[in-house]
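Colleague: Quick one: sequence and predicted model below, then my questions.
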Amino acid sequence: MPMVLREPEQKQQIYPFACVSISIWFILGHMALPEKIGRYEIKSELGRGGMATVYRAFDPSFDREVAIKVLPREMLHDTQFRSRFEREIKMVAGLEHPAIVPVYDVGNEDGQPYFVMRFMTGGSLSDWIEKGKFSIQETARIIEKIAQGLAYSHKKGIIHRDLKPDNILFDGNNDPFISDFGVAKFTEAAGGLTGSGTIGTPAYMSPEQAQGGNEIDGRSDVYGLGVIIYQMLSGRQPYSADTPMGVVVKHITEPVPEILKVLPDLPPEMDTLIKTSMAKDRNNRYPTTLELARALNMIAFGNDGNITSGGNTGMRTGTFVPPATGPSRSRTGFVVAGMVLFVLLVGFFLLRNQLFPAPLPVSTPTSLPVTLTPTEVSTVVPTETAAAVVVTATELIASPLPFAPACAADVLIPVPDVKVLNKACVKKIPYTSISIPEGAAFESLDSDMSCIVENVSNGRMAISCTGPQLLSYSLKVCQPPAIDNSDINKCSPDSIFDSANQCCLAAPAEDAGCTIFEVDIRGCP
């Protein structure tokens, strides 16, 4: 609760307390800062993430400032975190590319692993975005270099999986570099760290990564670049929601926003580029980061730019068809052949009566028995002679006029379709995202689990549920049958009209149209 100062004497009582609190925080902060790690003299803390802390330090051997990334001591007992960190050390140390932050040294201080990187003096892309929007040309220049660094890491079998402006850093010459491969994944690894689950940043996460898919490839990084391009040009992220999980759900379910609605002066090709790079189906995206960079350069400069050969990507390029390419010779041949075949078929059908005279058909409209189905009965307006219609006992049960017939015993009110969209950890809080029909009512049957609506799209409603980890909870989802006004008088008061089967159902019980769905809440590391 905010503290409100009303009288002078209150200030005299509160200020000393505030000063003491700040002093304690200041002292504890400096007590926690190590003086040295290896030969490196620690100057300040640059940042602290979920699995590591980064320090600004000085290397006396080479008279230069460096950045040191170490695993916090309180996490050393967690073998999973330590394994992931040690994997990152080996992985990043093996990446040598002009667009990847270089690693200078790797070490171990009292059982605490660390590695030393170049200290980037130009800040992050996040800092630059806060200063204002980018032009298409400025965006293309940065993306061109980042795309080549990613193509190199993809060739090594490494997917970044956490691309965001905070992880794009600049040196003193304003050249961009990729940093923090902490959640990167080897594409050909036979197995991973158990329990690692969905890792990444919700605002930049591809749909397949958000859904916890194991088959993540370089096109997931293409998606992340598409989000970054959108943000560089517009100054904001494409999706927003009240909760991080709500953002994740929108990446999975909502269409790609049209940037032309935000910036109508952009060329239409930019909207196509962003929608292609952020396609929900990765098969519809640019197959590589290089293809995305080339497309952006064509819009910005009218040429491919200084991009190296696509052979550096290690990715297949046959799955993507650029939106503006012309037909090839082989495709043109197929089109011409198809048109000729179509003309021949049309000519054949037009002349078939003259070429092959057929005998006149014999019409026997009254000799065949009439079989009525439930849908056919619905089209008959009840009259005094309607009672003469014979309905089989297996389909409908006769009911007094003028009401529709009663439904068979096996006709039931359908229950709503409930599906799990995603299980993820956001800031160490577990969420399970669930898709239910739009308009359906839901209720947690366990007080420890809470659920909220995150998104409504295409007739479906996405809700996210959270609660204590590693437990299962019951969720009740109901969708009572909707009765159209025109159907109200088709059945007696003790029944309702089933429009799908065109018959009258007995009045449903209280829980009719409901289902109980078990929600599993995963554990977060």
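Modeller: Received, thanks.
Colleague: Enumerate the positions of stretch 34-47 that are buried.
Modeller: Within stretch 34-47, the residues that count as buried by 16 or more other CB atoms under 10 Å are 34, 37, 40-42. Heads up, the C-betas are built off the backbone N, CA and C, glycines and all.
Colleague: Please render these as TSV that adds pLDDT and secondary structure to the earlier fields.
Modeller: Listed next are the buried residues of stretch 34-47 as TSV, based on pLDDT from 0 to 100; DSSP: H, G, I helix; E, B strand; the rest coil:
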residue	pLDDT	secondary structure
Pro34	88	coil
Ile37	93	strand
Tyr40	96	strand
Glu41	96	strand
Ile42	95	strand
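Colleague: The stretch 151-300 of the chain: strands as residue ranges?
Modeller: Ranges of strands within the stretch 151-300 of the chain are 158-159, 168-170, 176-178, 185-186, based on DSSP state E, counting those that start in this stretch.
Colleague: Quick one: residues contacting the nearest residue in space to Pro255 that is not next to it in sequence.
Modeller: Distances taken as CB to CB, 6 or more residues apart in numbering put Ser457 closest to Pro255, at 7.8 Å, once the chain neighbours are dropped. Going by CB atoms under 8 Å, 6 or more residues apart in numbering, Ser457 touches 253-255.
Colleague: Which of the helices and strands in this structure ranks last by mean pLDDT?
Modeller: helix 374-377 (a mean of 40; mean pLDDT, DSSP states H and E).
Colleague: for the stretch 201-350 of the chain, which spans come out with low pLDDT?
Modeller: For the stretch 201-350 of the chain, the stretches flagged by pLDDT under 70 are 213-214, 308-350.
Colleague: Can you tell me the element Cys465 falls in?
Modeller: Using DSSP states H and E, Cys465 sits within strand 460-466.
Colleague: That strand packs against which elements?
Modeller: If contacts are counted by 3 or more CB pairs under 8 Å, 6 or more residues apart in numbering; DSSP states H and E, strand 460-466 sits against helix 244-253, strand 429-437, strand 450-457, strand 514-521.
Colleague: Show me what the longest one is packed against.
Modeller: With contacts taken as 3+ CB pairs under 8 Å, 6+ apart, helix 244-253 sits against helix 207-210, strand 419-426, strand 429-437, strand 450-457, strand 460-466.
Colleague: Just give the strands next to the second one in its sheet, each with its orientation.
Modeller: Its sheet considered, strand 419-426 pairs with strand 429-437 (antiparallel) by DSSP bridges.
Colleague: quick one: the helices in this protein?
Modeller: 8-32, 79-93, 125-131, 136-155, 207-210, 218-234, 244-253, 259-262, 268-277, 289-301, 329-355, 374-377 (DSSP state H).
Colleague: Domain parsing of the chain, as residue ranges.
Modeller: Domain ranges of the chain: 1-30, 33-118, 125-185+200-312, 419-521, per automatic domain parsing.
Colleague: Throw those domains into a markdown table and include distance to Ala408, thanks.
Modeller: Listed next are the domains of the chain as a markdown table, based on distance: least, CB to CB, whole Å:
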| stretch | distance to Ala408 |
| --- | --- |
| domain 1-30 | 63 |
| domain 33-118 | 56 |
| domain 125-185+200-312 | 37 |
| domain 419-521 | 8 |
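Colleague: So which of those has the densest surroundings on average?
Modeller: Mean neighbour count (mean count of other CB atoms under 10 Å) peaks for domain 125-185+200-312 among the domains of the chain, with a mean of 20.
Colleague: In JSON lines: the contacts of Ser457, plus distance to Asp105.
Modeller: Converted to JSON lines, the contacts of Ser457 look like this (distance: CB to CB, whole Å):
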{"residue": "Thr253", "distance to Asp105": "45"}
{"residue": "Glu254", "distance to Asp105": "45"}
{"residue": "Pro255", "distance to Asp105": "47"}
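Colleague: Cys407: which of those is nearest?
Modeller: Closest approach between the contacts of Ser457 and Cys407, by CB to CB: Thr253, at 34.6 Å.
Colleague: Just give the closest residue to the closest one, not the sequence neighbours.
Modeller: Using CB to CB, 6+ apart and skipping residues adjacent in sequence, the residue nearest Thr253 is Ser457, 5.0 Å away.
Colleague: What distance do you get for the one you found to Tyr230?
Modeller: As judged by CB to CB, to the nearest Å, Ser457 and Tyr230 stand 19 Å apart.
Colleague: And for Tyr104?
Modeller: For Tyr104 relative to Tyr230 (CB to CB), the value is 34 Å.
Colleague: Same list, the strands of the stretch 151-300 of the chain, but as CSV with mean pLDDT and distance to Ala300 please.
Modeller: Shown next, in CSV, are the strands of the stretch 151-300 of the chain (pLDDT from 0 to 100; distance: least, CB to CB, whole Å):
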stretch, mean pLDDT, distance to Ala300
strand 158-159, 88, 26
strand 168-170, 96, 18
strand 176-178, 96, 16
strand 185-186, 56, 31
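Colleague: Of all those strands, which one comes closest to Glu443?
Modeller: Within those, the stretch nearest Glu443 is strand 185-186; the backing value is 37.8 Å (CB to CB).
Colleague: right, and Pro437 touches Asn458 too?
Modeller: No. With contacts counted by CB atoms under 8 Å, Pro437 stays clear of Asn458, the gap being 10.9 Å.
Colleague: ends of stretch 505-523, how far apart?
Modeller: One end of stretch 505-523 to the other measures 44 Å (CA to CA, to the nearest Å).
Colleague: ok, for Gly149, nearest residue in space, not its chain neighbours?
Modeller: Nearest one to Gly149, counting by CB to CB, 6+ apart, is Ala99 at 3.0 Å.
Colleague: List the contacts of the one you found.
Modeller: By CB under 8 Å, 6+ apart, Ala99 lies in contact with 145-146, 148-149, 152, 176-178.
Colleague: For the nearest residue to Asp520 once chain neighbours are set aside, list the residues it contacts.
Modeller: The shortest distance from Asp520 to any non-neighbouring residue, by CB to CB, 6+ apart, is to Ser472 (5.1 Å). Counting by CB under 8 Å, 6+ apart, Ser472 touches 518-521.
Colleague: I'd like these as a markdown table, with pLDDT appended.
Modeller: Below are the contacts of Ser472 laid out as a markdown table (pLDDT from 0 to 100):
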| residue | pLDDT |
| --- | --- |
| Glu518 | 90 |
| Val519 | 90 |
| Asp520 | 87 |
| Ile521 | 86 |
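Colleague: closest to Val477 among the residues you listed?
Modeller: Nearest to Val477 among these: Val519, at 10.5 Å, using CB to CB.
Colleague: Bridge partners for that closest one, pull those for me.
Modeller: Taking DSSP bridges, one obtains Tyr473 as the residues bridged to Val519.
Colleague: residues contacting it?
Modeller: For Val519, the contact set (CB under 8 Å, 6+ apart) comprises 432, 434, 449, 465, 472-475.
Colleague: Output the below-cut-off pLDDT ranges for the stretch 401-525 of the chain.
Modeller: Low-confidence segments of the stretch 401-525 of the chain, defined by pLDDT under 70: 401-402, 482-486, 507-511, 525.
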